[in-house]
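1. Everything below, folded, please.
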Amino acid sequence: MSLNAIQWDLIRRHVGPFVFCLTTILFLLVMQFLILYLDKIVGKGLETGVILELILTQVPAMLVLAVPMSVLVATLIAYGRFAEQNELTAVKAAGVSPWKLIQPVFAIAVGVSLIMAWFGNWVLPEANFRSKSLFIDIRMAKPGFDLKANTFYDGMSGYTFLVRRLSAESDTLHEVTLFQDPTENREQAVISADWGLLTTIAGSSLLQLSLYDGSVMRYLGHRTETDPRVEETQFREYRIRFDLRDLSFSRTNPDLRQRDDRTMSAQAMSAVRDSLRRIIAEDRDYQFSLQPMLVLQKPMPGLPDTVSPTYTLERRVYGTDPPRQTAFVSLNRLQNVQEQRYAIQQASYMIHDAEANLESIRSSTQWRIERMAQFMVEIHKKLALPVACAVFVILGAPLGMLIRKGNLGFHTVLSAILFTFYWISIIQGEKLGDRLIVPPVIGMWFGNVVMLALGMVLLYRLSTERRAKDLIRA
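-> The predicted model follows:
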């Protein structure tokens, strides 16, 4: 069999495991998403299409993780089976380098990396933006009327509920308290009842709450500053109706919402980063231009004490007490001690204002620097994850040939361990980069460099039959 035929055979061996692993990982990630957010979706009265849209907008983020891991699993299985069937031994006996077997798969992985880089820069931000907007719409949709005992519930507009006990077999509420918000047509009130009953009015979207044996305390304002006016009314039955249409889900225009680093392309983040850098430079220039409007000059050696002050003070005659001699020329030039005190007071105010301005600039500059770091972390992340597809081929091919096993379960577990390490390095690198503990480039590329170094060592071991310590000695 020729080398080209062997290379094409290795490529074909990747297809099945890659598709199977990609499908399985996507299914598991979708199930994980549903488990985590099921309670936030169910009970909202959402249409099936909205739920499907929400899931579909999550798929791009799942693909960014699933594709590199699927490449790793497929590479381990394909080359593991190749070595397990002693084909590697025959190929090496014919003088063919293992790198020749890896080259075509590596070239395809580079192509996949380029596609995923484009996908992560243009498709993923839009999907994240749509998903974020849809989640906000769902959260803003007021939840269903799911009262819980001893828990405040503010899902109905203008009212806050507190129910001490609920009947499991009926819609009866016991020891009910309603806090009614004030509007143009009603006063603020607290409605209490021994028990109540929830009923739906047939043929309408109205829900009726019937309260029995209670009282209404209305706040009527203040007769005086310390004497509030409260009116209490007893009742045997009190009815309130709610419009359930207020609880329905509604869509808003996502373009009206602001984007963050997860919903922006690398080009957009670079533009914002340049704007932040320019603002920091402008703040720095302004910081050095801050000076008090009044300068109390100390006399310079060799100069007469009659030198005029750089800044003059408006004349304010507060008294006739003679001025006191001080170490400051500006104070000594004033006519009386009252003007000296006024000058010191004004100088103190100006210094405090300058300190407040400097602190404000420092805080805003620190925030902008952290924001720039977050953008750089996300930019490097958009590149590091796609490049992992090519890195995993360099790692997975020699590792699979050295292990000499083609078992799917074994390589899936091994891939999970390797990818877990890689993903932890990405997560921790992102946190450290966002907090300015490490540069963003180190935080995001550390996992790739470690995996690539390990793959190069294994490839050296496979190609030369020498161990890593031999490489160090050489």
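2. is it fair to say Leu211 lies in a helix?
-> No. The secondary structure assignment for Leu211 gives strand rather than a helix, going by DSSP: H, G, I helix; E, B strand; the rest coil.
3. Report the spatially closest residue to it, excluding sequence-adjacent ones.
-> Distances taken as Cβ to Cβ, 6 or more residues apart in numbering place Ala193 nearest to Leu211, at 3.7 Å, with adjacent residues excluded. Glycine gets a C-beta too; all of them are placed from N, C-alpha and C.
4. quick one: buried residues of the one helix or strand the one you found maps to?
-> Assignment of secondary structure by DSSP states H and E places Ala193 within strand 189-200. Of the residues in strand 189-200, those scored as buried under the neighbour-count criterion (16 or more other Cβ atoms under 10 Å) are Ala189, Val190, Ile191, Ser192, Ala193, Trp195, Gly196, Leu197.
5. One more: stretch 361-376?
-> With burial defined by 16+ other Cβ under 10 Å, the residues of stretch 361-376 counted as buried are Ile361, Thr365, Arg368, Arg371, Met372, Ala373, Gln374, Phe375, Met376.
6. sorry, back to before: include pLDDT and distance to Gln325 when you put the buried residues of strand 189-200 into TSV, please.
-> As requested, those are exported to TSV (pLDDT from 0 to 100; distance: Cβ to Cβ, whole Å):
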residue	pLDDT	distance to Gln325
Ala189	89	71
Val190	91	70
Ile191	92	75
Ser192	93	75
Ala193	93	80
Trp195	92	85
Gly196	90	83
Leu197	88	88
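7. In terms of distance to Asp213, which of those ranks first?
-> Nearest to Asp213 out of these is Ala193 (Cβ to Cβ; 6.2 Å).
8. list the contacts for that closest one?
-> Val176, Leu211, Tyr212, Asp213, Gly214, Tyr238 (Cβ atoms under 8 Å, 6 or more residues apart in numbering).
9. Swap in 10 Å and give it another go.
-> The neighbourhood of Ala193, defined by Cβ atoms under 10 Å, 6 or more residues apart in numbering, consists of 173-178, 209-216, 235, 237-238.
10. Phe179 too?
-> Residues counted as contacts of Phe179 (Cβ under 10 Å, 6+ apart) are Phe152, Asp154, Gly158, Tyr159, Thr160, Phe161, Leu162, Gln188, Ala189, Val190, Ile191.
11. so what does the one helix or strand Ala5 maps to touch, helix or strand wise?
-> Under DSSP H and E, the secondary-structure element containing Ala5 is helix 3-41. When contacts are defined as 3 or more Cβ pairs under 10 Å, 6 or more residues apart in numbering; DSSP states H and E, helix 3-41 packs onto helix 48-84, helix 87-93, helix 98-118, helix 124-140, helix 408-434.
12. gap between Met350 and Leu414?
-> 68 Å (Cβ to Cβ, to the nearest Å).
13. what do you get for Gln325?
-> Between Gln325 and Leu414 the distance, using Cβ to Cβ, works out to 86 Å.
14. Which secondary structure state does the most centrally placed residue in the chain sit in?
-> With distances taken as Cα atoms, centre = their mean, Arg262 lies nearest the centre of the chain, 7.3 Å away. The three-state label for Arg262, taken from three-state DSSP, comes out as helix.
15. Who's the closest spatial neighbour of Val393, skipping the chain neighbours?
-> What sits nearest to Val393 in space, not counting adjacent residues and going by Cβ to Cβ, 6+ apart, is Ala109, at 4.3 Å.
16. ok, the one you found - how many residues close by?
-> Residues within reach of Ala109, counting by other Cβ atoms under 10 Å, total 25.
17. these two touch, right, it and Ser70?
-> No. At 11.2 Å, Ala109 does not count as touching Ser70 under the criterion of Cβ atoms under 10 Å.
18. Quickly list what's touching both of those two.
-> With the criterion set as Cβ under 10 Å, 6+ apart, the overlap between the contacts of Ala109 and Ser70 is His14, Cys389, Phe392.
19. Quick one: those as JSON lines, columns for neighbour count, distance to Thr57 and pLDDT too.
-> Supplementary listing: the shared contacts of Ala109 and Ser70 in JSON lines, determined by neighbours: other Cβ atoms under 10 Å; distance: Cβ to Cβ, whole Å; pLDDT from 0 to 100:
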{"residue": "His14", "neighbour count": "21", "distance to Thr57": "29", "pLDDT": "95"}
{"residue": "Cys389", "neighbour count": "26", "distance to Thr57": "23", "pLDDT": "97"}
{"residue": "Phe392", "neighbour count": "31", "distance to Thr57": "27", "pLDDT": "97"}
